[in-house]
Structure formats: C-alpha cells, structure tokens
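Participant: Give me coordinates for this.
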Amino acid sequence: MREQSNRLILMMMKLHRALSNIGGQQMGSTVVLLMACLSLLLVPLFQVVHAQETTATVGLTIHVVQRGETLYGIAQLYGTTIDELVRLNGLLDPSSLEVGQRLLVPTTLAGVAAAPAATATPPAQNVFHVVLPGETLFRIATQYGVSVNDVAQANGITDPSVIYPGQQLLIPGVQPPQLVTNLPASVTSVTMQPQILMNGRTGMIRLMTAVPATVSATMMDFSVPDGTDQARLVHTLLFGVPIQQPPGMYPIVITIDDGTGAVSTVTLNAQLVAGTYVVEAINIPNDRLSLLSADVDAAEAERVRALMSVFNPVRYFNGPMGLPAAAAVTSPFGSTRSYNSGALQRLHIGTDFGGAPGAPVFAPVNGIIVFSGGLDVRGTTIIIDHGWGVFTGYWHLTDRLVNVGDAVTTQQVIGTVGSTGRSTGPHLHWELWVNGVPVDPMQWVQMSFSP
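Facilitator: Residues are numbered from 1 along each chain as shown. The predicted structure follows:
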C-alpha cells in the first residue's frame, strides 16, 4: 500500500513538471496520458483496501474537547484507553482538560472495517490521586490499600519521601467500580471525579442531557442540588463527603426531569475509602476555657451551618482556588484535636495558616460576602458565597475589610490575620463547605470543579 502511494505521488510530481513546460496544443494528449497513469495506479490501491476489509488499520485523528468531556469519556467514544491518550498527547494531568484542547486519538481509516474485539471486557481504568499539602506517600498508599513501593515504582519516584502538592500519582492495582451500567435516552454521558471518593473531600458528577432538564441526586441520606449552565444541558452535581462517613460502596441516585412529565433515574456506584487524619494536642488559656463549653460550641456551629448550607444557582467560581494567605499550613483539615490534655475532643474542619497579626487575608476566588462580624468561638469572621452551594469561611481575624452584600474578586484583600475567639495565637482558620458539608479546602486549590 505504501509503495503504491509513493509511486502515485512520484508520478504526479513528474506530470506536474511536464505540464508546466508544454503549451496549450499539447495539453489534450498530456491529460490523456495522466488519466491512463492514474487508472493503472489506482486499481491496485482499491484492490489492497478490498483485501483488508476484515483487518483494522489504525490511524490518528484530532478530537476537540467540548464542555463536560473527560478523558475517560473520550477514550470510550473512540474505543481506546486513557493510557493510550495520555501517551499520544504527553498529558501530565489526565483529569484536567480544557475546552477547545486538541487531542490526538487513534481511529480506523475510512473505508476499512475494524477488526472484531478480542474480548467483551471494557478496557481497564486507572485511578489517579492528586497530592494535597501535608500528604505523604505512606498515607496515600494506606488509603488505597497498596504498598509505598508499588506506588513509587508506578510513578518513577526514586525517593518516596519527596512528593509535592498537585502531583498526579497513578495508584497501581486499583480500579474504580463500574460507575453505571445503563443510561436512559435522556442522558448522553455521565462522569464522576475523583473516580474513588474519600471522606472529608469533594466529589463532582458531570451529567449531560439530550434535552434541557432539571436534575437532582440523593446519596448518603442527603440531597445534592443541580448546578447547571448551557441551557440546562450540562449538569454539575457537587457534594461533600462527611469526614466521619464509613468507607464502603454507596449508591448515588440521580433523577432527570425533562419538563414534559418524563422522569428517569440513573444509579451510580460510588466507592468511598477512608482518609488518614492526624491527632493534635491543643492547650487553651484559662481565660478562654469557657469557649470549650458544648452549649456555646453547638449554638454557634448551627448558626454557621445555616449560613453555609444555602444553594445559590449562580456560580461565581471558575478554575482552582487561590490560597487565602501567603503563609505555611500549620494545621491540616480533618485532625482530631485534644484540648487541654484530653478533657475535650473536637474535629478540626478547616486548614490553619500561620501568619503575623495584620497580615492580609485574600479571597481565593470570586464571590459574595454573606457574613462579616464577630462570633464567640470563631472570633472576627467572614463568610463568602461562591455559588452552587460552595462557601468559604475565615476565622480569628483582626480586621474585616468587607461588608455583607459586597462582591469580591480573586485575591482581593478581605481582612487581616488575628487571634480572636478560641485561638492560641495569630493564625487564619480557613473552611470550605460544599452543599452543607465541610470538606478539605486544599483539594480546591489543586483541582478545578468548574464546568
């Protein structure tokens, strides 16, 4: 086939040079000669194609990424694997695609039938873990039930003690469960990120419908509202996994209503693994011991929960969040805190940043101020609504530079670091809630949950 094609190209080049050197009177005979040559060359070409009708001939084409697409969905569309797309395109982060991005994908040549599949088993999927600040390779391996050596070898890591936030790690020998078996006609695609959920983290379901629809979901005994753009065709369901949720398999039931009375459901199979969180010992000064009272804590916690559990259908955030402070993390999300030698214990549902009094505190992404004032335990406090059920909170501030109703933009200074409320020293406590559930905010710094 290749030899015939080369002969054809060579002949065409020779004829082109010949045509450029002759006059109009000789053109007719030259065209006749050209047609004769083409007929001799094209017959073998078509014969070769006919002889290979039952053999797959693989080539490459270009796929332009659309909104809502994932690498897994694209691989399924073309009958290939994520690994092959990663190899062809040199992708460093298979979970991050941009709208309009051009990808090389393998495909069969037109007119040539593909060979029958050797097996009906779908291609294996890989599980990737995005490293968050404070995580170690040992903690990550433990969460997925694999060894440190296996993770290190799969990712070419020579020193297991050196990993960095945002690094994408392949988890060897672990495959996500089959997400869904059948889709109703009203649904064109559905994906979930991360592929395996972890308690204390955010999950995202992206569902595309053939017609404008209203979508909702239920999981783990709570409801997940629909964040939608693009005329209700692309639906994003964001949910937080409670930090104390036991690991296991959980069904996620999605309801699709197209507005004509036709209601369909999709049930997803979600696997949840346990995160590994630390224990911290905290000492509170005697003059603030009253702030450890269960009554004080519960009343204020309920007020904050009410503020941060509202669903706003308008989305203000776009892309990963920035950091709220130019400082090191001094206490991670999810730790169990033992106050004053174990007298009381609390879950730490935020991330603490060190900082000098008066250091600036930034809005990590666009939003609307819904609270700016003082609280007993949290001290001087600011809460921002980022839309679609996503809120961030800033505790123990010295100064508030914004008021309720203000629209803030990414990296705008909203306050300053302090030590007000139940605090042992100057620091910023940063919380992030997703549809009424507090989750690790650092996941939002490393991953994008935007459509």
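
Participant: With adjacent residues omitted, what lies nearest to residue 435?
Facilitator: Leaving aside its sequence neighbours, residue 435 sits nearest to residue 389 (C-beta to C-beta, 6 or more residues apart in numbering; 3.7 Å). No exception for glycine: its C-beta is placed from N, CA and C like everyone else's.

Participant: Give me the phi and psi for the one you found.
Facilitator: phi 80, psi 10 (degrees, to the nearest 10).

Participant: The chain should start at 746 in everything you say after this.
Facilitator: From this message on, residue numbering opens at 746, which makes the last subject residue 1134.

Participant: residue contacts, it?
Facilitator: 970, 972, 983, 1054, 1055, 1056, 1057, 1178, 1179, 1180, 1181 (C-beta atoms under 8 Å, 6 or more residues apart in numbering).

Participant: Which of these sits closest to residue 1166?
Facilitator: Distance ranking of the contacts of residue 1134 against residue 1166, using C-beta to C-beta, places residue 1178 first at 18.3 Å.

Participant: what helix or strand is the closest one on?
Facilitator: Residue 1178 is located in strand 1172-1179, with elements delineated by DSSP states H and E.

Participant: Who are the packing partners of that strand?
Facilitator: Under the contact definition 3 or more C-beta pairs under 8 Å, 6 or more residues apart in numbering; DSSP states H and E, strand 1172-1179 sits against strand 979-985, strand 1096-1099, strand 1135-1142, strand 1182-1184.

Participant: Please enumerate residues in contact with stretch 924-934?
Facilitator: For stretch 924-934, contacts defined as C-beta under 8 Å, 6+ apart pick out 813-814, 818, 935-937, 951-956, 958, 1001, 1003, 1007, 1009-1014.

Participant: Distance check, residue 1101 against residue 1164.
Facilitator: Using C-beta to C-beta, to the nearest Å, residue 1101 is found at 11 Å from residue 1164.

Participant: out of these two, which sits in the busier spot?
Facilitator: residue 1164 (16 against 10; other C-beta atoms under 10 Å).

Participant: mind checking pLDDT for the residue lying closest to the more buried one once chain neighbours are set aside?
Facilitator: Among residues not flanking residue 1164 along the chain, residue 1171 sits closest, at 4.6 Å (C-beta to C-beta, 6+ apart). Looking at residue 1171, its pLDDT reads 96.

Participant: do residue 1195 as well
Facilitator: pLDDT, residue 1195: 89.

Participant: Hmm, it is touching residue 1063, no?
Facilitator: Yes - counting by C-beta atoms under 8 Å, residue 1195 does reach residue 1063; the two are 4.9 Å apart.

Participant: thinking again about what came up before, most neighbours of all the contacts of residue 1134, which one?
Facilitator: Busiest of the contacts of residue 1134 [other C-beta under 10 Å] is residue 1179, holding 27 neighbours.

Participant: Contact partners for it?
Facilitator: 947, 983, 984, 985, 1134, 1135.

Participant: Residue 1105: which of the residues you listed is nearest?
Facilitator: Minimum distance to residue 1105 across the contacts of residue 1179 is 22.3 Å, recorded for residue 1135 (C-beta to C-beta).

Participant: Can you name the residues bridging to that closest one?
Facilitator: Under the criterion DSSP bridges, residue 1135 forms beta bridges with residue 1132, residue 1179.

Participant: Could you report the neighbour count for the residue nearest to residue 1164?
Facilitator: Residue 1171: 18 surrounding residues under other C-beta under 10 Å.

Participant: With the one 4 residues further on instead?
Facilitator: Other residues lying near residue 1175 total 22 when counted by other C-beta under 10 Å.
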